[in-house]
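K.L.:
sharing a sequence plus its predicted fold:
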Amino acid sequence: MAAGAATFDQLLARAAADREQGNLTLAIDALQAAQALAVGDGQRRQSASALGQALLQARRLEQADAVLHSAYTMTQGGERARVALALGNLAQLRKQSEAARQAYAEAQRLAAGDTGLALSAALNLARLDAPAARQASLAALRARLDQAALPPAQHATLLVNLAQLAAQSGELALAYGSLVLAREQAPPQSRLQAEALDAMAQLYEDQRQPDAALLLTQQAQALADGLPPAAVADLQVALAWRLARISQARGQLAAALAFYQQAADLLERLRPDVPIELDDGRSSFRALFEPVYLGLADVLLQAAAAPGQFAGQSAAQSSDYLRRARDAAELIRQSELQDYLGDRCATDSVKGGSPTVIPVGTAVLYPLMFADRTELLFETADGITRHTSPATGEQVRAAAVSLAHALRNGSSHYASAARQLYDWLLRPIDAAATAAGIDTLVVAADGALRLVPIGALHDGSRFAIERYAISTVTGLSMTNTSVPPSGGKASLVAGAATFGGAVDKLLQTSPGRALAAGVARNLALDSAGKGRMLRAPVFDASGGDANLVARVREALALPGVGREVDAVGALLPGTSLLDERFSVAAFSQAASSGQYQIVHVASHGVFGGSAGASFVLAYDDLLTLDKLQTLLSGEQFRRHPIELLTLSACETAEGNDRAPLGIAGAAMKARAKSVLGTLWPVDDEAAVLVMRHFYRELAQARGGKSQALRQAQLALMRSPEFAHPLFWAPFSLIGNWL
């Protein structure tokens with residue numbers, strides 16, 4: 001028994017040390033082992049409480065919820081107060097403000113004898129206050145802190161937290177005074193001392209006092225350099241990043257590049273343990289990964305243009321700077337897709353071991369949008385060149401949103417934005433593309449540019465699709481560029497022209513209700529080429545309609561899907577499932593029973609701002625991205641990845657520039673090398689014609705997937721009935737274009 005107790009204590013001590021150093025995975029492993037060895041109520045309470053808080057820190061929210069609620073039922077008094085505080089943090093991360101408020105209030109009540117814990121709960125309650133009320137809450141908290149008899153380290157920790165919240169609320173005097181006192185209270189040569197210096201440096205930087213910010217940051221960095229690296233790695237990222245920003249603002253490019261590279265290298269090492277969402281609710285991608293990598297790319301591009309500013313370096317090294325800038329752009333796109341899917345490991349091994357290959361005749365374009373310009377990295381088999389557009393990032397984003405809205409609504413007023421974006425994004429590379437004999441353009445777009453079909457950009461005389469076969473990639477580092485195997489292309493074709501139980505499931509979700517309302521609005525083009533409403537919404541998807549399910553089922557009907565399934569099935573050998581036969585169970589059974597190079601799904605679907613808001617409708621249920629991954633997880637798909645996943649009739653949420661990531665995410669979840677989807681709802685007849693032409697071209701193997709799609713789109717464009725980009729432009733090929 002004594003040996004068991006000692007082992008339990010050792011595991012808890014090890015977990016505490018791992019958490020202190022940021023090694024959350026190791027801490028959780030140790031705590032799970034301790035929980036398995038726990039003997040008696042005391043050890044069970046102790047291990048459950050510690051494990052729940054470690055899971056919460058790692059943002060494993062579902063697991064944390066179960067463990068923390070279990071710990072709550074086992075504990076009393078101060079122990080329960082700590083668990084209640086963690087439950088409040090969990091609710092806040094889930095945007096459940098009222099539940100968080102109740103949990104923090106409970107923690108404050110239970111912690112009556114623990115002043116530090118009660119003040120922590122009060123500080124978290126202040127975070128939930130409206131801005132107008134927060135000033136009084138923070139002032140009252142500072143007064144309580146001044147009167148509290150707390151250990152110096154705990155006192156300093158609370159002061160730093162209060163100062164950061166005060167700074168966010170614009171209470172600069174309160175923030176500064178709290179940090180001065182925190183530095184006095186914090187143990188010397190400690191992480192806490194470095195955190196106080198870092199927070200004070202941020203105050204000065206925000207107030208445009210770079211000299212003071214620089215001095216404090218250097219002091220914090222010198223202090224952190226003397227501490228165990230694992231314990232301060234996240235802090236070192238923030239410090240190096242600030243030094244990079246200050247150096248860049250002063251025109252010290254060599255120093256800025258060194259500091260940006262240091263921050264990026266540290267961030268890459270920390271990536272597995274950086275939560276998708278930070279403690280204050282911000283996306284870690286938006287707050288950390290994107291600005292660090294974009295700043296690195298910016299300085300690298302400046303270095304490529306002015307190598308003389310770097311001692312001992314020559315103009316011949318410009319190409320190396322461009323490659324490194326391309327790599328930074330890849331890191332931005334990897335991080336955002338991981339953020340979208342809610343999984344830091346989502347992009348691991350997605351290439352299937354294939355080397356990155358850019359064939360002759362193909363170019364990859366990376367648009368990088370900055371505050372003062374837009375950079376275009378143009379990569380071919382011969383290397384990378386850089387082209388600069390004077391348009392600011394904000395101008396490009398505004399034009400992209402305008403064009404996307406005009407196209408998806410069938411407006412005739414799209415030409416101006418289509419030409420403007422062509423001038424900014426494609427005209428600067430036209431000469432280089434002609435000289436290199438480029439006929440296939442692969443665009444690694446991000447942000448609002450993902451909303452725009454690049455083929456619909458116009459040079460004044462023709463659309464871009466008339467010059468290039470165009471596809472997109474989230475990033476080449478996440479694209480399997482291997483050449484498809486020769487031979488037949490066995491297919492699994494599933495479609496729903498009508499819907500059964502899926503409608504009931506659909507109306508239980510917010511994205512589903514939005515989809516149901518949206519499909520009740522059908523846009524078409526009249527003879528004058530202007531968009532018009534064929535019929536108004538036929539139901540109120542918010543409820544109150546006794547025949548709601550029946551009316552939604554009628555509105556969701558896709559009459560053309562039957563013909564689409566027949567047309568695709570006639571061109572490609574394999575298995576076809578239509579309507580009732582397209583149940584989740586039947587789809588799963590069919591997927592597990594054969595090796596398919598092509599999986600084609602013709603049904604409603606929507607891709608929203610996160611993986612959780614994205615799904616496809618089978619006849620009887622919703623196919624979420626996670627469920628799609630489960631259904632296509634058989635050994636045959638691991639050995640022989642799907643060459644193409646087609647999601648016909650799906651759409652991305654209007655105006656949400658992250659929504660197209662759902663199409664790429666679907667391919668990743670399905671282990672597909674590429675995916676063909678649509679950016680907005682497609683006319684039934686147009687979809688049938690495009691798919692028939694696309695698969696006919698693909699079966700004849702005359703140029704790969706992107707060339708096959710181009711020919712299908714051109715055929716539709718040349719039809720007077722479907723000449724408007726509303727009909728042919730939304731089809732988007734993402735991933736392997738070969």
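P.N.:
Okay, I see it.

K.L.:
which residues touch I276?
P.N.:
When the contact criterion is C-beta atoms under 8 Å, 6 or more residues apart in numbering, the partners of I276 are R59, S283, S284, F285, Q338, D339, G342, R344. Every residue, glycine included, has its C-beta placed from N, CA and C.

K.L.:
roughly how far does it sit from T652?
P.N.:
Distance of I276 to T652, given as C-beta to C-beta, to the nearest Å: 21 Å.

K.L.:
got the confidence number for A5?
P.N.:
Here, the pLDDT recorded for A5 equals 47.

K.L.:
for the stretch 451-600 of the chain, which segments count as helices?
P.N.:
Taking DSSP state H, counting those that start in this stretch as the criterion, the stretch 451-600 of the chain carries its helices at 502-506, 510-518, 548-556, 561-571, 584-593.

K.L.:
now the stretch 151-300 of the chain
P.N.:
For the stretch 151-300 of the chain, the helices defined by DSSP H, counting those that start in this stretch cover 152-168, 172-185, 191-206, 210-225, 229-249, 253-270, 284, 290-305.

K.L.:
of all those helices, which lies closest to L12?
P.N.:
helix 229-249 (18.5 Å; C-beta to C-beta).

K.L.:
now for the closest one, which elements pack on it?
P.N.:
Applying 3 or more C-beta pairs under 8 Å, 6 or more residues apart in numbering; DSSP states H and E, one finds that helix 229-249 contacts helix 191-206, helix 210-225, helix 253-270, helix 290-305.

K.L.:
now the weakest link among the helices of the stretch 151-300 of the chain, please, by mean pLDDT.
P.N.:
Across these, helix 284 gives the lowest mean pLDDT, at a mean of 89.

K.L.:
what about that helix, distance to the chain center?
P.N.:
Between the centre of helix 284 and the centre of its chain there are 10 Å (C-alpha atoms, centre = their mean, to the nearest Å).

K.L.:
mind putting the helices of the stretch 451-600 of the chain in CSV, distance to A86, mean pLDDT and mean neighbour count included?
P.N.:
Output for the helices of the stretch 451-600 of the chain, formatted as CSV (distance: least, C-beta to C-beta, whole Å; pLDDT from 0 to 100; neighbours: other C-beta atoms under 10 Å):
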stretch, distance to A86, mean pLDDT, mean neighbour count
helix 502-506, 33, 89, 21
helix 510-518, 28, 72, 19
helix 548-556, 40, 85, 18
helix 561-571, 48, 93, 20
helix 584-593, 36, 91, 17
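
K.L.:
quick one: closest of these to L235.
P.N.:
Taking C-beta to C-beta, helix 510-518 is the member of those nearest to L235, at 38.1 Å.

K.L.:
was I right about D18 contacting A34?
P.N.:
No. Between D18 and A34 there is no contact under C-beta atoms under 8 Å: 12.0 Å.

K.L.:
more neighbours: the two, which one.
P.N.:
Legend: neighbour count by other C-beta atoms under 10 Å for D18 and A34, higher for A34 (24 against 20).

K.L.:
redo the helices of the stretch 151-300 of the chain as a markdown table? Include distance to S47 and mean neighbour count.
P.N.:
Output for the helices of the stretch 151-300 of the chain, formatted as a markdown table (distance: least, C-beta to C-beta, whole Å; neighbours: other C-beta atoms under 10 Å):
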| stretch | distance to S47 | mean neighbour count |
| --- | --- | --- |
| helix 152-168 | 24 | 21 |
| helix 172-185 | 32 | 19 |
| helix 191-206 | 26 | 22 |
| helix 210-225 | 32 | 18 |
| helix 229-249 | 23 | 20 |
| helix 253-270 | 27 | 20 |
| helix 284 | 28 | 20 |
| helix 290-305 | 37 | 22 |
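
K.L.:
circling back: can you lay out the helices and strands packed on helix 229-249 as TSV showing distance to T374?
P.N.:
Compiled in TSV, those are given as follows (distance: least, C-beta to C-beta, whole Å):
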stretch	distance to T374
helix 191-206	27
helix 210-225	27
helix 253-270	20
helix 290-305	11
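
K.L.:
and these: which comes nearest R144?
P.N.:
helix 191-206 (19.5 Å).

K.L.:
and the residue lying closest to P355 once chain neighbours are set aside, what does it touch?
P.N.:
Of all residues not flanking P355 in the chain, T481 sits nearest, at 7.6 Å (C-beta to C-beta, 6 or more residues apart in numbering). Contacts for T481 (C-beta under 8 Å, 6+ apart) come out as K351, S354, P355, T356, V357, I358, N736, L738.

K.L.:
neighbours around the last one, how many?
P.N.:
When you say that, I think you mean L738. Close neighbours of L738, defined as other C-beta under 10 Å, add up to 21.

K.L.:
after the strand or helix carrying K705, next one along is what?
P.N.:
According to DSSP states H and E, K705 maps onto helix 704-717. Next helix or strand after helix 704-717 toward the C-terminus (DSSP H and E): helix 725-728.

K.L.:
dump that following helix to CSV, restricted to CA.
P.N.:
The C-alpha coordinates for helix 725-728 follow below in CSV (Å, rounded to 0.1, in the frame of the first residue of the first chain):
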residue,chain,number,x,y,z
PRO,A,725,-20.4,33.0,-64.1
LEU,A,726,-23.2,32.3,-61.6
PHE,A,727,-23.6,28.9,-63.4
TRP,A,728,-20.0,27.8,-64.3
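
K.L.:
distance from that helix to the middle of the chain?
P.N.:
With C-alpha atoms, centre = their mean, you get 28 Å for helix 725-728.

K.L.:
what does the following helix or strand past it contact?
P.N.:
From helix 725-728 onward toward the C-terminus, using DSSP H and E, the following helix or strand is strand 731-735. Strand 731-735 has contacts (C-beta under 8 Å, 6+ apart) with 453, 471-474, 479-480, 660, 663-664, 667, 672-679, 682, 690, 705-706, 709, 712-713.

K.L.:
now, of these, which are buried?
P.N.:
Neighbour counting by 16 or more other C-beta atoms under 10 Å classes 453, 471-474, 479-480, 660, 663-664, 667, 672-679, 682, 690, 705-706, 709, 712-713 among the contacts of strand 731-735 as buried.

K.L.:
quick one, phi psi at P485?
P.N.:
P485 has phi and psi values of phi -70, psi 150 when expressed as degrees, to the nearest 10.
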